[in-house]
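J.: Whatever this is, show me its structure:
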Amino acid sequence: MQTTLSDAAKRLARAEEAERILRSCVHCGFCNATCPTYLLLGDELDGPRGRIYLIKQVLEGQPASAKTQLHLDRCLSCRNCETTCPSGVDYHNLLDIGRAVIDQAVARPPLQRALRSGLRNLASHPAAFKRLVQLGRSVDSLLPAALKAKLPRSLTVAQARPQAHHERRVLLLEGCVQPGLSPNTNAATARVLDRLGISVTATPQAGCCGAVDYHLDAQARGLERARHNIDAWWPAIEAGAEAIVQTASGCGAFVKDYAKLLHGDAQYASKARRVSELARDLVEVVAAEPLDKLACHSGQLLAVHCPCSLQHAQKLGGSVEALLKRLGFNLSNVPDGHLCCGSAGTYSLTQPQLARQLRDNKLDALESGRPDVIVSANIGCQTHLDGAGRTPVRHWIELVDEALAKSPSLA
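T.: Residues are numbered from 1 along each chain as shown. This next block holds a predicted model:
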């Protein structure tokens, strides 16, 4: 794609990157065929090719507008288009560059600003978020249906974690909302890893991965969170931690990008590169181990929801399914597994109507095989899908942990 950046755009820190990405696009339109919002709305400007044109126009000097901002806001950042693109267009990074430029040029309405600020602040205070969830559950009968759907159907209790006693150690990103929405997920992870001879080293100083800030008009703040986590993890990394494990694939995709996001930071570039090298989704860690200690036999039929952040960002599509089959679980077939469920981090809150349409379509596909339970690998997707009140949705590691608890002889 022929591109001529404006003088103002040439002064951007990521100007060369933006120009390179724009020029790699051959505007073939293959991306639209797998774009969830284009398939729903049928508008060229709500597909990747149209959004690339909008960003190109702004970077070439045309004024940005609220309409431009809306079309970029509607993007789920699912990266399905990147999987489809024959030219390898680095769309999500171009989108980040374009959003930052347009958000500086176009002031958001007060309610949008308040919502985005509130979401960013909640992400930085997991304990407060957890109390808010507990409060919401205690008065859920008084809440509007739309708000009630954002709360877990029941509050699970985190069961005890094993003491760290193995020579092999890993770090675990606890997450900002998962301790409040699904508190047993990380505890189940620690128990399953313990069965494999791996202990989890606690790093309470680490916080939100930074993705919420970065994708909600606060990129600099998101990078500060990345630096904070690097500092929190670094002593354990120097002490020999072999991986930084993420149980939420959305967080994992962002942590794996720390190296790229901080490559220009002289103080953190080397450490960020090391952190990204050590970042592993939980399925990568478990699948790499001998599984004789984890042989599970469950009568339940599971449908696997593979989050976009796992299959399109981390390129681990099919990995959860393969692992669960190796462990002895029965899986149903799920059509159109590449399409987004509509959660997309905070998208279900900032674009609720589109998110609900995508959720219902995804649930129809997941339920087509009549599963007993749907399992996912990302807390946002899990909560969004479960909020429909249909088939229960849980993290896959909890099903593994429960099956192991019923087979004590395998310990």
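J.: C-alpha only now, for contacts and for neighbours.
T.: Noted.
J.: Buried residues of the longest helix seen in the chain, list them for me.
T.: Assignment by DSSP state H gives helix 219-238 as the longest helix of the chain. Using 16 or more other CA atoms under 10 Å as the test for burial, helix 219-238 gives 219, 221-223, 225-234, 236-237.
J.: Kindly provide the distance from I374 to R390.
T.: Distance of I374 to R390, given as CA to CA, to the nearest Å: 10 Å.
J.: Pick out whichever of those two has more residues nearby.
T.: I374 (25 against 12; other CA atoms under 10 Å).
J.: quick one: what helix or strand has R394 in it?
T.: Per DSSP states H and E, R394 falls inside strand 393-395.
J.: Identify the residues contacting that strand?
T.: For strand 393-395, contacts defined as CA atoms under 8 Å, 6 or more residues apart in numbering pick out T185, V373, I374, V375, S376, A377, N378, I379, Q382, T383, L385, D386.
J.: try 6 Å
T.: By CA atoms under 6 Å, 6 or more residues apart in numbering, the residues outside strand 393-395 that reach it are I374, V375, S376, A377, Q382, D386.
J.: Can you get me a residue count around K325?
T.: 13.
J.: excluding its backbone neighbours, what's nearest it?
T.: Nearest residue to K325, sequence neighbours excluded (CA to CA, 6 or more residues apart in numbering): L331, at 7.3 Å.
J.: Report how many residues lie close to the one you found.
T.: Neighbours of L331 (other CA under 10 Å): 19.
J.: what angle sits between the longest strand along the chain and helix 219-238?
T.: Across the chain, the longest stretch assigned as strand under DSSP state E is strand 168-173. Here strand 168-173 runs at an angle of 160 degrees relative to helix 219-238 (axes from the mean of the first three to the mean of the last three CA atoms, to 10 degrees).
J.: From the contact counts, what lies against strand 168-173?
T.: strand 198-201, strand 244-246 (3 or more CA pairs under 6 Å, 6 or more residues apart in numbering; DSSP states H and E).
J.: backbone phi and psi for V26, please?
T.: phi -100, psi 20 (degrees, to the nearest 10).
J.: quick one: contacts of stretch 46-59?
T.: L5, A9, N32, T37, Y38, E44, L45, A64, H71, G98.
J.: Skipping its backbone neighbours, what lies nearest the last one in space?
T.: Right, G98. With CA to CA, 6+ apart, the residue lying closest to G98 is I55, at 5.4 Å.
J.: Please tell me how far that neighbour sits from L72.
T.: 9 Å.
J.: do P290 as well
T.: 44 Å.
J.: more neighbours, these two?
T.: Here P290 and L72 are compared on neighbour count by other CA under 10 Å; more neighbours surround L72, at 25 against 9.
J.: tell me which element that one falls in.
T.: Going by DSSP H and E, L72 is in helix 66-73.
J.: what residues does stretch 373-382 touch?
T.: Applying CA under 6 Å, 6+ apart, the set of residues contacting stretch 373-382 is 248-249, 302-305, 343, 345, 392-396.
J.: try stretch 208-227
T.: R120, G175, C176.
J.: PyMOL command to pick out the buried ones of these?
T.: Here is the PyMOL selection string for the buried members of the contacts of stretch 208-227, based on 16+ other CA under 10 Å:
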select buried, resi 120+175+176
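J.: circling back: what residues are shared contacts of I55 and L72?
T.: Between them, I55 and L72 share no contacting residue, judged by CA under 6 Å, 6+ apart.
J.: before we move on, back to that, farthest-apart pair in the buried residues of helix 219-238, please.
T.: Spatially, the most separated pair among those is Q219 and A236, at 26.8 Å (CA to CA).
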